[in-house]
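In: predicted coordinates and the sequence they were generated for:
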Amino acid sequence: MKKLLLGALCLCMGATGMIFANGVQQTGGGAAAKIAVTFAGTEGAAAGQSRMMQEAADLLNATGRFDVKVYVAGALPGDTDNLVTQAKLGVNLVVPSDPGRLASQFNISDLNILMAPYVLTDYKILEKLPETALYKQWQSQLEEQGIVLIANMFNGFRNFYTIKPVAKVADLSGLRLRGFGNNIGQSLAKYLGYAQTTVNATDIYAGIQAKTLDGCEIQASTADSYRLYEVSKYLAITKHYMLQSSFVCGKALLDGMPAADKATFLKILYDTAAKYSGIIAQEEQGYFDNFKAKGGTVTEVDIAEFQQALAPLYTNNDLKLSPGLKDELFKQLGL
């Protein structure tokens, strides 16, 4: 898989005439050479995450200092974890991962708190998050392993899209659902009673269509971009956790940039992520309405029942969170 991805990127680099200077891939030559970067995600082109990357790329390219290409809907081979690994190894990639994935991939268990079920429930909290000591600590732990966490963007609340109606926890029993393969995804399946599978997000539609999947747990904008309303006729609004797109790149990429370009790069990505957090929040209800308009059934579940079912996740500490972590995070966030 790594060879496939590196091969695909080499083709892209060859097409734009990239060269290397100070560890940064560049196009052209001389003092005006542009810094070449690839943004790579798995969500559909219409999803908020993908639109955010395209806007950030356009802004960076407009400076005249960058040559940014955007690949979405799994256009580059490899899942999210694989793409992040490539970034760590020196490929000039910016990849939208998420706190749960990063927690598992880089063995920083406390990062799970950012997407732990029913802990963070307001996307505006993300505005304060970068200033907390905990967040800065997690950034440092990632940088020690060669990855830079640039920004966390709200990417919608996760809900269940299924081929059978789900109104209560018991309705999930026995269903084969696609979810994250990290500790959070596995814990959800364990306590809510469904069978977890971790196929690529781009394969959800085909899986439901082929009846190898009974649905998935996913955010509304991505479900809409994948046209899941064509194969999944039931939506249970559980909002079981707040998904965040954690935009990361390799430390080598930033270290190789001139200081002014690095500052521009980080600011544009951070500001654009903050902008799209608000856009995605505003659009969420529209996706629910569109699901109904396409003939689907939307159910508002009793959130308290789902919270109660997931309570043992914290009693048993399945996410391996440090004692008192939630209270400390809330204190630092002023909650």
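Out: Structure's in. What do you need? Remember, it's a predicted structure, so these values are computed and weren't measured experimentally.
In: can you tell me the closest non-neighbouring residue to residue 201?
Out: Distances taken as Cβ to Cβ, 6 or more residues apart in numbering place residue 42 nearest to residue 201, at 5.0 Å, with adjacent residues excluded. Where you see a C-beta, it was placed from the backbone N, CA and C, and this is true even at glycine.
In: shaky segments in this structure?
Out: In the predicted model, the chain carries pLDDT under 70 at residues 1-25, 27-32.
In: where is the longest helix in it?
Out: helix 259-293 (DSSP state H).
In: assign residue 94 to helix, strand or coil.
Out: The three-state assignment at residue 94 reads strand, by DSSP: H, G, I helix; E, B strand; the rest coil.
In: I figured residue 248 hits residue 95, correct?
Out: Yes - counting by Cβ atoms under 8 Å, residue 248 touches residue 95, with 5.7 Å between them.
In: picking up where we left off before, secondary structure element for the residue nearest to residue 201?
Out: When elements are assigned from DSSP states H and E, residue 42 belongs to no helix and no strand.
In: got a list of what it touches?
Out: If a contact means Cβ atoms under 8 Å, 6 or more residues apart in numbering, then residue 42 has 72, 73, 74, 79, 80, 200, 201, 202 as its contacts.
In: ok, 7 Å please
Out: 73, 74, 80, 200, 201, 202 (Cβ atoms under 7 Å, 6 or more residues apart in numbering).
In: how about residue 66?
Out: Neighbour list for residue 66: 34, 35, 37, 60 [criterion: Cβ under 7 Å, 6+ apart].
In: longest strand of this protein?
Out: strand 147-162 (DSSP state E).
In: on the three-state scheme, the nearest residue to residue 178 once chain neighbours are set aside is what?
Out: Distances taken as Cβ to Cβ, 6+ apart place residue 216 nearest to residue 178, at 4.0 Å, with adjacent residues excluded. Secondary structure assignment for residue 216 (three-state DSSP): strand.
In: and residue 216, what are its bridge partners?
Out: residue 161, residue 178 (DSSP bridges).
In: give me the number of residues near it?
Out: 27 (other Cβ atoms under 10 Å).
In: and the one 3 residues further on, by the same measure?
Out: Look at residue 219: counted by other Cβ under 10 Å, it has 26 neighbours.
In: next: residue 74.
Out: Residues near residue 74, counting by other Cβ under 10 Å: 19.
In: ok, residue 280 - contacts?
Out: Contacts of residue 280 (Cβ under 7 Å, 6+ apart): 48, 154, 155, 156, 221.
In: okay, and the beta partners of the second one?
Out: This means residue 154. Counting by DSSP bridges, residue 154 is bridged to residue 244.
In: ok, now how distant is it from residue 193?
Out: 28 Å (Cβ to Cβ, to the nearest Å).
In: which one of the two has more residues nearby?
Out: residue 154 (27 against 15).
In: where's the more buried one relative to residue 116, distance?
Out: Distance, residue 154 to residue 116, by Cβ to Cβ: 16 Å.
In: now residue 193
Out: Counting by Cβ to Cβ, the separation of residue 193 from residue 116 is 19 Å.
In: next one: stretch 144-163 to chain centre, how far?
Out: How far stretch 144-163 lies from its chain's middle: 3 Å, per Cα atoms, centre = their mean, to the nearest Å.
In: over to stretch 248-262?
Out: Average the C-alpha atoms of stretch 248-262, do the same for its chain, and the two points are 21 Å apart (Cα atoms, centre = their mean).
In: buried residues in that stretch?
Out: Judged by neighbour count (16 or more other Cβ atoms under 10 Å), stretch 248-262 contains these buried residues: 248, 249, 250, 251, 252, 253, 254, 256, 257, 261.
In: what's the answer for stretch 262-281, then?
Out: 264-266, 268-270, 272-274, 276-277, 280-281.
In: just to revisit the earlier point, which ones among the contacts of residue 66 lie within strands?
Out: Short answer: these in strands (DSSP E) are 34, 35, 37.
In: now the residue nearest to residue 90 when sequence neighbours are not counted: which helix or strand?
Out: Spatial nearest neighbour of residue 90, excluding adjacent residues (Cβ to Cβ, 6+ apart): residue 252 at 5.1 Å. Here residue 252 sits within helix 251-255, counting by DSSP H and E.
In: what packs against that helix?
Out: strand 147-162 (3 or more Cβ pairs under 7 Å, 6 or more residues apart in numbering; DSSP states H and E).
In: quick one: the strand it packs on to helix 259-293, angle?
Out: 0 degrees (axes from the mean of the first three to the mean of the last three Cα atoms, to 10 degrees).
In: send me strand 147-162 as CSV with only the CA atoms.
Out: The C-alpha coordinates for strand 147-162 follow below in CSV (Å, rounded to 0.1, in the frame of the first residue of the first chain):
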residue,chain,number,x,y,z
ILE,A,147,3.5,14.8,13.0
VAL,A,148,2.2,18.3,13.4
LEU,A,149,-1.4,18.8,14.5
ILE,A,150,-2.3,22.1,12.7
ALA,A,151,-6.0,22.6,13.5
ASN,A,152,-9.2,20.8,14.6
MET,A,153,-12.3,21.5,12.6
PHE,A,154,-15.8,20.6,13.6
ASN,A,155,-17.0,18.0,11.0
GLY,A,156,-20.5,17.2,12.3
PHE,A,157,-22.1,15.0,14.9
ARG,A,158,-22.1,11.2,14.2
ASN,A,159,-25.4,9.5,13.7
PHE,A,160,-26.6,6.1,12.5
TYR,A,161,-27.7,5.5,8.8
THR,A,162,-29.3,2.1,8.5
